[in-house]
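Colleague: Need a 3D model of the sequence below.
(2 chains)
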Amino acid sequence: NAGVMQNPRHLVRRRGQEARLRCSPMKGHSHVYWYRQLPEEGLKFMVYLQKENIIDESGMPKERFSAEFPKEGPSILRIQQVVRGDSAAYFCASSPDRGTFHTDTQYFGPGTRLTVL
Amino acid sequence: DQQVKQNSPSLSVQEGRISILNCDYTNSMFDYFLWYKKYPAEGPTFLISISSIKDKNEDGRFTVFLNKSAKHLSLHIVPSQPGDSAVYFCAALDQAGTALIFGKGTTLSVSS
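Modeller: Numbers count the residues shown, from 1 in each chain, chains lettered A, B, ... in the order given. Predicted structure coming up:
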């Protein structure tokens, strides 16, 4: 049973370019979360999505960042016009379908390390 | 302002001894806590969790203790093994039940 998959694992962009990070959740999981880890920091929540819906984007920067989780295919985190401060590790997590419980464990992918030159 | 704090950036322990990693939180409304372990260049791996209705949860060598009045939890690893050397993150589930709020992590080094 494959875990959460992310690609690319490493991404280098020049300032002003676009970065697209992809995440395929674990089989049977329809809840996806994106987190960002800056150097020497803990992971910071960015956005929570279900299929075709953004449920909570309270951690997303207001500009340049967007996320989607289409009916078919992986979830995409898109960063437009990247700046040096966007350099970080971006982690995706997924959790099983939820019933009335909110404590389903989030399982993380290996991350995408974005470097902006 | 940090809501989950891991005040010890690092901890060194000898193989076979107990490792105790500590975590404090500020929001008394948090009711579910998790510990994750992370190796370099990998994603966090879930270790163990605890609900606020309990004060202890055990899974093999790992035990998490929760002291709600002190807003403190700790992870005990007994006995510690060299393969346990990693960064350990404490996390709390936010009140909406969606976002994990992480501490900055504690790097554990277990020497043989």
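
Colleague: now the spatially most central residue of chain A: how far from chain B?
Modeller: Taking C-alpha atoms, centre = their mean, the centroid of chain A lies closest to residue A:34, which sits 3.1 Å from it. The gap separating residue A:34 from chain B is 10 Å, by C-beta to the nearest C-beta, to the nearest Å. Heads up, the C-betas are built off the backbone N, CA and C, glycines and all.

Colleague: ok, how many other residues are close to the closest residue to that residue other than its chain neighbours?
Modeller: Leaving aside its sequence neighbours, residue A:34 sits nearest to residue A:46 (C-beta to C-beta, 6 or more residues apart in numbering or on different chains; 4.4 Å). A count of neighbours around residue A:46, defined by other C-beta atoms under 10 Å in any protein chain shown, yields 22.

Colleague: Which secondary structure state is assigned to the closest residue to chain A within chain B?
Modeller: Using C-beta to the nearest C-beta, residue B:97 is the residue of chain B that sits closest to chain A, at 2.8 Å. Local secondary structure at residue B:97 is given as coil here, using DSSP: H, G, I helix; E, B strand; the rest coil.

Colleague: Ok, residue A:85 next?
Modeller: Secondary structure state of residue A:85, per three-state DSSP, is helix.

Colleague: dump the residue contacts of it.
Modeller: When contacts are counted by C-beta atoms under 8 Å, 6 or more residues apart in numbering or on different chains, residue A:85 touches residue A:116.

Colleague: what helix or strand is residue A:95 on?
Modeller: Residue A:95 is located in strand A:88-96, with elements delineated by DSSP states H and E.

Colleague: pull the CA atoms of stretch B:83-97 into CSV?
Modeller: In CSV, the C-alpha atoms belonging to stretch B:83-97 read as follows (Å, rounded to 0.1, in the frame of the first residue of the first chain):
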residue,chain,number,x,y,z
GLY,B,83,17.7,4.0,15.3
ASP,B,84,15.6,6.4,17.4
SER,B,85,18.0,9.2,16.5
ALA,B,86,15.8,11.7,14.7
VAL,B,87,13.9,15.0,15.1
TYR,B,88,10.7,14.6,17.2
PHE,B,89,7.8,16.9,16.7
CYS,B,90,5.0,17.5,19.1
ALA,B,91,1.7,18.6,17.5
ALA,B,92,-1.7,19.6,18.6
LEU,B,93,-4.9,19.3,16.5
ASP,B,94,-6.6,22.7,16.2
GLN,B,95,-10.1,23.3,17.5
ALA,B,96,-11.5,22.9,14.0
GLY,B,97,-10.1,19.4,13.9
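
Colleague: Any idea how far it is from the middle of the chain?
Modeller: Put simply, stretch B:83-97 sits 6 Å off its chain's centre (C-alpha atoms, centre = their mean, to the nearest Å).

Colleague: likewise stretch B:22-34?
Modeller: The chain centroid and the centroid of stretch B:22-34 are separated by 11 Å, computed with C-alpha atoms, centre = their mean.

Colleague: List the buried residues for it?
Modeller: Judged by neighbour count using 16 or more other C-beta atoms under 10 Å in any protein chain shown, the buried positions of stretch B:22-34 are B:22, B:23, B:24, B:25, B:30, B:31, B:32, B:33, B:34.
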